[in-house]
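> Fold the stuff below for me.
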Amino acid sequence: MELINLQSDLALKETFLNGGWNKFFCALSSEKFSNMKRFVFKMMVLFGSTYICEQAFSTMNINKSKRRSLLTDGILHSELRISTMNIEPDFKIISKDASQFHGSH
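Numbers count the residues shown, from 1 in each chain. Model prediction:
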């Protein structure tokens with residue numbers, strides 16, 4: 001019934017045509033279209049998590065190539081964790097805490 005009501009609502013159609021997907025979704029009433037909104041949330045999360053999984057598998061395939069086939073699961077897990085994180089190290093703090101620098105490596 002919600003889909004039929006959605007298709008017959010001319011004001012929502014105008015909102016979609018003029019404002020795009022974001023404004024249209026925000027204009028949906030939570031009381032009138034509760035099932036529809038819940039379904040859209042589930043679908044949006046599904047595609048985001050699928051992308052993250054595909055990205056992790058691609059990274060794993062790059063890290064575990066023919067030359068590096070002797071990697072243990074623990075090392076591969078650590079490399080995947082580092083590869084998929086968006087954290088930048090703070091080199092100033094790291095270098096300040098270092099007690100001795102070795103120029104050879």
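
> pLDDT weak spots in this protein?
47-49, 63-70, 97-105 (pLDDT under 70).

> again, only this time at 80
20-22, 41, 43-57, 59-73, 75-77, 79-91, 93-105 (pLDDT under 80).

> residues of the longest helix along it that come out buried?
In the chain, with assignment by DSSP state H, the single longest helix is helix 34-63. Buried residues in helix 34-63, counted by 16 or more other Cβ atoms under 10 Å: 36, 60. Bear in mind the C-beta positions are built from the backbone N, C-alpha and C, glycine included.

> what's the angle between the very next helix or strand once past it and helix 34-63?
Counting by DSSP states H and E, the next helix or strand C-terminal to helix 34-63 is helix 73-84. Put simply, helix 73-84 runs at 120 degrees to helix 34-63, going by axes from the mean of the first three to the mean of the last three Cα atoms, to 10 degrees.

> what's the burial count for residue 76?
14 (other Cβ atoms under 10 Å).

> Pull up the gap between it and residue 8, please.
Remark: distance between residue 76 and residue 8 (Cβ to Cβ, to the nearest Å) = 54 Å.

> Residue 31: what secondary structure?
coil (DSSP: H, G, I helix; E, B strand; the rest coil).

> Give the full set of residues in contact with it.
Going by Cβ atoms under 8 Å, 6 or more residues apart in numbering, residue 31 touches no other residue.

> Surely residue 27 and residue 15 touch.
Yes: applying Cβ atoms under 8 Å, one finds residue 27 in contact with residue 15, separated by 4.7 Å.

> that older thread, could you list every helix and strand that the longest helix of the chain packs against?
helix 2-8, helix 73-84 (3 or more Cβ pairs under 8 Å, 6 or more residues apart in numbering; DSSP states H and E).

> Could I get those helices in CSV, plus columns for distance to residue 58?
Shown next, in CSV, are these (distance: least, Cβ to Cβ, whole Å):
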stretch, distance to residue 58
helix 2-8, 36
helix 73-84, 10
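
> of all these, which lies closest to residue 35?
helix 2-8 (5.4 Å; Cβ to Cβ).

> Pull the number of nearby residues for residue 24.
Neighbours around residue 24, by other Cβ under 10 Å: 17.
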